[in-house]
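Peer 1: got a predicted structure here, sequence first:
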Amino acid sequence: MDWLSLVIVIVSLGSIPLAVSMARARARSPRLWFWIAFLVGPLAPLLLALLGGRNETRASTTAG
């Protein structure tokens with residue numbers, strides 16, 4: 001295994017706990033984001049950053 005492959009593997013594995021902690025901070029499912037990070041690697045934290053926090057006021061706006 002050359003050094004570039006090793007770097008890609010390390011970055012991909014490192015993105016998993018980062019995505020899980022970002023999901024917890026944004027009130028999203030950590031288990032779901034674990035698997036998303038496992039499948040797409042470093043793109044998962046980017047997706048979480050773009051999505052932002054979960055909107056909790058959805059139920060109150062549709063009830064009225």
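Peer 2: Yep, it's here. Numbering: from 1, shown residues only.
Peer 1: nearest the geometric middle of the protein, what residue?
Peer 2: For the chain, residue 19 is the residue whose C-alpha lies nearest the centre (C-alpha atoms, centre = their mean; 3.5 Å).
Peer 1: what's the offset of the helix or strand that residue falls within from the middle of its chain?
Peer 2: Counting by DSSP states H and E, the element that carries residue 19 is helix 3-25. Between the centre of helix 3-25 and the centre of its chain there are 10 Å (C-alpha atoms, centre = their mean, to the nearest Å).
Peer 1: do the same with stretch 29-36
Peer 2: Per C-alpha atoms, centre = their mean, the centroid offset for stretch 29-36 relative to its chain is 7 Å.
Peer 1: before we move on, back to that, now do the helix holding residue 19: which elements does it pack against?
Peer 2: helix 30-40, helix 43-51 (3 or more C-beta pairs under 8 Å, 6 or more residues apart in numbering; DSSP states H and E). For every residue, glycine as well, the C-beta is placed using N, CA and C.
Peer 1: could those helices be laid out in a markdown table, adding distance to residue 11, mean neighbour count and mean pLDDT?
Peer 2: Below are the helices and strands packed on helix 3-25 laid out as a markdown table (distance: least, C-beta to C-beta, whole Å; neighbours: other C-beta atoms under 10 Å; pLDDT from 0 to 100):
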| stretch | distance to residue 11 | mean neighbour count | mean pLDDT |
| --- | --- | --- | --- |
| helix 30-40 | 11 | 16 | 96 |
| helix 43-51 | 11 | 15 | 93 |
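Peer 1: check contacts around residue 34.
Peer 2: 16, 19, 20 (C-beta atoms under 8 Å, 6 or more residues apart in numbering).
Peer 1: which one of those residues is nearest residue 48?
Peer 2: The shortest approach to residue 48 among the contacts of residue 34 belongs to residue 19, at 6.2 Å (C-beta to C-beta).
Peer 1: can you tell me how far the nearest residue to that closest one once chain neighbours are set aside sits from residue 50?
Peer 2: Leaving aside its sequence neighbours, residue 19 sits nearest to residue 37 (C-beta to C-beta, 6 or more residues apart in numbering; 3.8 Å). Distance check for residue 37 against residue 50: by C-beta to C-beta, to the nearest Å, it reads 14 Å.
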